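> got a predicted structure here, sequence first:
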Amino acid sequence: MILYPAIDLRGGQVVRLQQGDPARQTHYSADPLAVARRWQEAGAAWLHVINLDGAFQAANDNLAVLARLAGLGIPIQFGGGIRSLEDAAQAFDAGAARVILGTAVAQDPALVEAFVARWGAERLAVALDSRGGQVAIHGWQAASAWTPVALGRALAQRGAVHALYTDVARDGGLQGVDVAGTARLAAETGLQVIASGGVASLEDIRALRATGQVAGAVVGKALYEGIFSLAEALHAAADPS
């Protein structure tokens, strides 16, 4: 199971939001590059970088930050405000290894086919973020008509392989990850699902790994708050004992 340390960017700063609410922000660093180096040196195989400004449709220079992070040579999964193939192309040009599409594919699932034809399925993760049982869109500020399972199945049929699943109510709150929901989504869609939102302990990571169905987990606030180290988290993700 792959762990993805999270770097959420807002105004070029590393922050965390609670439940995606821009008014409930905790600031962690003014130096995203230093944070990325910290996770890289601790053994991260990937970084999960989110352009919060893009998600909220605010002007930003976070693609320039992405380019600097990509210069470290670690693969980056990048999302936030990517709503077209042109947006994806800009992210790839800046150095992203994989991009996350959420609102765009909820509104137009056929976009997945065009993406896969151009770049291949490995470079795409679709966001199946859930608020109240419906897929949340527009920076989690609105609800779509889809359930995560229904949208996941529709996108898998169009060529998607990787998905990100966040229970918005748990995000940034250290309340524990939705282990059962994540595993169920993977089983019912056939997607390689990455859990996100709410990872609060090493036991959460062990529980996700123990399902045998979860492909990865994004870890954010628990790392920044020092609840566990990345080395401990990587061990928990890899060690079946």
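Received the coordinates, thanks.
> could you verify that residue 14 is part of a strand?
Yes - the assignment for residue 14 is a strand, going by DSSP: H, G, I helix; E, B strand; the rest coil.
> ok, it touching residue 5?
No - checked against C-beta atoms under 8 Å, the pair residue 14 and residue 5 is beyond contact range at 10.9 Å. Every C-beta, even on glycine, is put in place using the N, C-alpha and C of the backbone.
> so who does residue 16 touch?
When contacts are counted by C-beta atoms under 8 Å, 6 or more residues apart in numbering, residue 16 touches 6, 8, 25-26, 28, 172, 220-221, 224.
> where does residue 209 fall, secondary structure wise?
Using DSSP states H and E, residue 209 maps to helix 202-210.
> and that helix, what does it pack against?
helix 179-189, strand 214-219, helix 230-238 (3 or more C-beta pairs under 8 Å, 6 or more residues apart in numbering; DSSP states H and E).
> contacting residues around residue 113?
158-159.
> let's go with 10 Å and repeat that
Contacts for residue 113 (C-beta atoms under 10 Å, 6 or more residues apart in numbering) come out as 155, 157-160.
> hmm, back to that, quick check: neighbours shared by residue 14 and residue 5?
Common neighbours of residue 14 and residue 5 (C-beta under 10 Å, 6+ apart) are 35-36, 49, 220, 224.
> among those residues, who's most crowded?
residue 49 (27 neighbours; other C-beta atoms under 10 Å).
> could I get the pLDDT score of that residue?
The per-residue pLDDT reported for residue 49 equals 96.
> specify the beta-bridge partners of it.
residue 7, residue 78 (DSSP bridges).
> I'd say it and residue 8 touch.
Yes - with contact defined as C-beta atoms under 10 Å, residue 49 counts as touching residue 8 (7.8 Å).
> need the overlap of contacts for the two.
14, 32, 80.
> nearest to residue 41 among those residues?
residue 32 (14.8 Å; C-beta to C-beta).
> what's the neighbour count on that closest one?
For residue 32, using other C-beta under 10 Å, the count is 22.
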